[in-house]
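*Asks:* need coordinates for the below:
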Amino acid sequence: MLTYPITDSDHCRSLESFLTQLLPGAPNSYLQKLVKSGAVTVDGSKALRTTVLATGNQVTLKESDRTAQFLAAASLPVDILHENDQLLILNKPAGLAMHRTAEITEDTLVDRAQHLMRLRGFEIKPRPVNRLDRGTSGVVILAKGAMAAGMFGRQLKDEGFGKLYLALASGSLPPSGTFTDPIDDKEALTHFETLAQGAGLSFVLLNPITGRTHQIRRHLADAGHPVLGDKRYGGTILPGETGFCLHSFQTRINLPETEFQCSISAPLPALFLAQLATIGGNLPKLLNRLHRIASQPD
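*Replies:* Residues are numbered from 1 along each chain as shown. As a prediction, the model looks like this:
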């Protein structure tokens, strides 16, 4: 048996996502078989693919020749949070652009996803269903074809995807509240809850009710609390960093393989974890709080 301790870098990642990163190239059907057969356990007990992992968990994998082959395969070009026949749901790194434009000619998330498809023998260019600013990290959804892009694009337009973001913002915010200032003369509402404060920063959970461009960044900046590292809106510059401290933590979406809305969560990036360790909050307590949010029934 092989045992893997879960660290802060995989906290709030689903078991499915952890196995996908651990066993590059393993098809979904094989990962599902491992979980259903009990060849994979969490803390010694059988778990579900959707089980949300927490720091301190122990994931145990039964050894076999086939798993050894997948363990030895090259790492994936993208961090897959969930995948099915229609979608790739990825954890986007901060500083990486979504797709190429006239101004952006370097590597992008779509390029990396397309490379993954080619490695698998498919000439597919995934299409963004939703987008994140270049400096923002976290959950983003790509469709594997025009039909899927249209279907999930309509779902986004008609119903919206439930979203929760995490930010490190300058100064001290109230315990909770709602930003209501219009953006581009259109209604914009963002609920927030302050999870921790210290060292001149607030760690904030945000729920944007509408979907205006740069909504969270602009609301925080207008309130005098710009996102750490967001130089466009007055945030303190982080030397050597290409992104800023805004993370798309959780997205809820209706998936075709389920009859209900499910949630996909992305673990905090290293930049967040490093900053949280300095603001005087109890990091294990904060991570436990995030795990409870990520584990809430759909």
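*Asks:* do a quick rundown of the helices in the stretch 1-150 of the chain.
*Replies:* Applying DSSP state H, counting those that start in this stretch to the stretch 1-150 of the chain gives helices spanning 15-22, 28-37, 65-71, 109-119, 146-158.
*Asks:* mean pLDDT for these: which is lowest?
*Replies:* Lowest mean pLDDT of the helices of the stretch 1-150 of the chain: helix 146-158, a mean of 78.
*Asks:* tell me which other helices or strands that one touches.
*Replies:* Applying 3 or more Cβ pairs under 8 Å, 6 or more residues apart in numbering; DSSP states H and E, one finds that helix 146-158 makes contact with strand 127-128, strand 137-143, strand 246-254. Placement of C-beta: from N, CA and C, glycine included.
*Asks:* from the helices of the stretch 1-150 of the chain, which stretch is densest packed?
*Replies:* helix 15-22 (a mean of 22; mean count of other Cβ atoms under 10 Å).
*Asks:* and the contacts of the strand or helix carrying residue 206?
*Replies:* Here residue 206, judged by DSSP states H and E, is contained in strand 201-208. Here strand 201-208 makes contact (Cβ atoms under 8 Å, 6 or more residues apart in numbering) with 163-173, 188-197, 215-216, 220, 225, 228, 249, 275-276, 279, 281, 286, 293.
*Asks:* what's the answer for stretch 70-83, then?
*Replies:* With Cβ under 8 Å, 6+ apart, stretch 70-83 has contacts from 13-14, 16-17, 20-26, 28, 30, 88-91, 93, 109, 112-113, 115-116, 119, 139, 255, 264-266.
*Asks:* tell me the contacts of residue 228?
*Replies:* Residues near residue 228 by Cβ under 8 Å, 6+ apart: 167, 168, 169, 170, 201, 235, 236, 238, 244, 245, 275.
*Asks:* if you set the cut-off to 6 Å instead, what comes out?
*Replies:* 168, 235, 236, 245 (Cβ atoms under 6 Å, 6 or more residues apart in numbering).
*Asks:* now do the last one against residue 195, distance only.
*Replies:* Taking Cβ to Cβ, to the nearest Å as the criterion, residue 245 is separated from residue 195 by 13 Å.
*Asks:* residue 268 now?
*Replies:* 12 Å.
*Asks:* who has more neighbours, these two?
*Replies:* Neighbours around residue 268 and residue 195, counted as other Cβ atoms under 10 Å, are more numerous at residue 268. The numbers are 25 against 18.
*Asks:* now the more buried one: closest residue in space that isn't a chain neighbour?
*Replies:* Nearest residue to residue 268 in three dimensions, chain neighbours excluded: residue 247, at 6.3 Å (Cβ to Cβ, 6 or more residues apart in numbering).
*Asks:* ok, residue 4 next?
*Replies:* Using Cβ to Cβ, 6+ apart, the nearest residue to residue 4 is residue 59, at 4.6 Å.
*Asks:* give me the pLDDT for the one you found.
*Replies:* 98.
*Asks:* my read: it touches residue 3, true?
*Replies:* No: Residue 59 lies out of contact with residue 3 (Cβ atoms under 6 Å); the separation is 7.2 Å.
*Asks:* okay, those two: which has more neighbours?
*Replies:* Between residue 59 and residue 3, residue 59 has the larger neighbour count (other Cβ under 10 Å), namely 21 against 9.
*Asks:* so how far is residue 187 from that one?
*Replies:* Residue 59 sits at a distance of 44 Å from residue 187 (criterion: Cβ to Cβ).
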